[in-house]
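Asker: Let me see the structure of the following:
(one chain, ligands or ions: 1)
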Amino acid sequence: MGFDAIEVITVKRDRGELSTPQIDWAVDAYTRGEVADEQMSALLMAILLNGMNRREIADWTQAMIRSGERMDWSVLDRPTADKHSTGGVGDKITLPLAPLVAACGAYVPQLSGRGLGHTGGTLDKLESIPGWRASLSNDEMLGVIRTAGAVVCAAGSGLAPADKKLYALRDVTGTVESIPLIASSIMSKKIAEGTGSLVLDVKVGSGAFMKDVDSARELARTMVALGTDAGVRTVALLTAMDRPLGNAVGNALEVAEAVEVLAGGGPDDVVELTVRLAREMLEAAGIADARDPEEALKDGSAMDVWRRMITAQGGDPDAPLPKAAEFLEITAPASGVLTRLDALSVGLAAWRLGAGRARKEDPVSAGAGVTLHAKPGDLVGEGRPLMTLHADESTRFERALDALDGAYEIGASADPGLLPLVVERVTA
Ligand code: URA
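Answerer: Numbers count the residues shown, from 1 in each chain. Predicted coordinates:
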């Protein structure tokens, strides 16, 4: 059925409810180029301002899924499980998590993205491994899953093309920060990816999309409902992003930290969240005889999967990782407890050092980023190293230092306002 774009826009502008045929038409006609960018921009802004109910969000999501292919893993003999993070600073969890969950008994087909702004992208991190290839055909993906148990690669252009076009438009029209639009964008890709179960890591805090627990909870509930309604067993954890995750922020620096975790070491917060998410994924996948994730990290079996997965995608897991040419150490101005270390500021600093991109065509530096020598709650000594900045050119340090101005505080005792690592669990 055809509609008039202006009629659809005015329904939402006047706080009305869009019908299923109106939504199907708007998404399809925009993807085909029949609805113009300026008309879709107006509709997106009306949605951002006036919201959508659960039925409208489900219809919008389904319309985006129908715009492209839907993958099918039913040829595999074990359940599939995936995780999606809404993005944060130092969030390298996918790197140890995908091989860990595969080592414990599920298949993990994970389509990931690149970073934009201060949040890093999983593909950018993995591309710092010499030879590693992000783009795989569907047959190659299946081959890597069969060889290694897990695959992390780029989503092909056939998956939810409506979302690609809509996301690019939202990016330049101030319409990214809408819970219905974020939830439908993420879930259309995850449902089209064909996973049987999904664990969502919804980040909360300055370094995340969602700055407070209430909005993170609303986003989590919306996505869990969308997944459940589409037949994907979905749960969400709200997790802390008021400080960076782990001690490394930046592409190769994060790969090195992920490898430490796979070798049985690594920072406590990264290990705790990796193990917790692995348990959630195995439970959601319904694997009754799953191996214990802590054991699989200790006995090297998760590391074995990692090595097979990297090798199967052309990477050399033994090759030295790229390093930045220049570094600068920041020392503590006083002795005491580090009470605050703002995630957004550290993310911005890493971005300005070259770890992130401003436009999606920009290259990223593999070696650039920030290494943290103390986290909130740790004791620090005056003049002792607090963090190290890494960059390919020393001219980048000044703007990174500006980003870190006021980003940390040293006091007498730990700040009771810090979020717990796992804030809440949201189920259907
Ligand atoms: N990630 C997505 O894929 N879509 C959004 O809208 C926001 C984050």
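
Asker: Nearest to the ligand within the protein, name that residue for me.
Answerer: S185 (3.4 Å; CB to the nearest ligand atom). Glycine gets a C-beta too; all of them are placed from N, C-alpha and C.

Asker: give the contact list for that residue.
Answerer: M64, D163, L166, Y167 (CB atoms under 8 Å, 6 or more residues apart in numbering).

Asker: In terms of secondary structure, what does the one helix or strand the last one maps to contact?
Answerer: Spelled out, that is Y167. Secondary structure from DSSP states H and E places Y167 in helix 161-171. On a contact count with 3 or more CB pairs under 8 Å, 6 or more residues apart in numbering; DSSP states H and E, helix 161-171 meets helix 20-32, helix 37-50, helix 54-66, helix 179-192.

Asker: For the ones you listed, please prepare a markdown table with the additional fields mean pLDDT.
Answerer: Below are the helices and strands packed on helix 161-171 laid out as a markdown table (pLDDT from 0 to 100):
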| stretch | mean pLDDT |
| --- | --- |
| helix 20-32 | 98 |
| helix 37-50 | 98 |
| helix 54-66 | 97 |
| helix 179-192 | 96 |
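
Asker: of all the contacts of S185, which two lie farthest apart?
Answerer: M64 and Y167 (10.0 Å; CB to CB).

Asker: Tell me which of the two has more neighbours.
Answerer: M64 (28 against 18; other CB atoms under 10 Å).

Asker: Skipping adjacent residues, who's closest to that one in space?
Answerer: Leaving aside its chain neighbours, M64 sits nearest to S188 (3.8 Å; criterion: CB to CB, 6 or more residues apart in numbering).

Asker: what about the one you found, distance to A102?
Answerer: 25 Å (CB to CB, to the nearest Å).

Asker: With P317 instead?
Answerer: 15 Å.

Asker: Have a look at these two and say which one is more surrounded.
Answerer: A102 (27 against 17).

Asker: Mind telling me what element that one is part of?
Answerer: Going by DSSP H and E, A102 is part of helix 94-104.

Asker: what separates the helix holding Y167 from the chain centre, distance-wise?
Answerer: For helix 161-171, the separation from the chain centroid amounts to 17 Å (computed by CA atoms, centre = their mean, to the nearest Å).

Asker: Just the residues contacting it, thanks.
Answerer: Here helix 161-171 has contacts from 27-28, 30-31, 37, 40-41, 44, 63-64, 67-68, 116, 157, 175-176, 181, 184-185, 188-189, using CB under 8 Å, 6+ apart.

Asker: Would you map the helices across the stretch 201-350 of the chain?
Answerer: Applying DSSP state H, counting those that start in this stretch to the stretch 201-350 of the chain gives helices spanning 213-229, 251-262, 268-285, 293-298, 301-312, 343-350.

Asker: Give the other helices and strands that the fifth one contacts.
Answerer: Helix 301-312 is packed against helix 94-104, helix 138-148, strand 150-154, helix 251-262, with contacts defined by 3+ CB pairs under 8 Å, 6+ apart.

Asker: Check which helices and strands the longest one is in contact with.
Answerer: Using 3+ CB pairs under 8 Å, 6+ apart as the contact criterion, the neighbours of helix 251-262 among helices and strands are helix 94-104, helix 122-126, strand 248-249, helix 268-285, helix 301-312, strand 369-372.

Asker: Next up, the contacts around the residue nearest to P99 when sequence neighbours are not counted.
Answerer: Nearest residue to P99, sequence neighbours excluded (CB to CB, 6+ apart): V305, at 3.7 Å. For V305, the contacting residues are P99, L100, A102, A103, A148, G149, A150, by CB under 8 Å, 6+ apart.

Asker: now for those residues, which pair is the farthest apart?
Answerer: Pairwise distances across the contacts of V305 peak at 12.3 Å for L100 and A148 (criterion: CB to CB).

Asker: re the thing from before, out of the helices of the stretch 201-350 of the chain, indicate the one that is most buried.
Answerer: Most buried of the helices of the stretch 201-350 of the chain, by mean neighbour count (mean count of other CB atoms under 10 Å): helix 343-350, with a mean of 26.

Asker: Show me which residues of the protein sit near the ligand.
Answerer: Y167, V176, L181, I182, S185, I186 (CB under 6 Å from any ligand atom).
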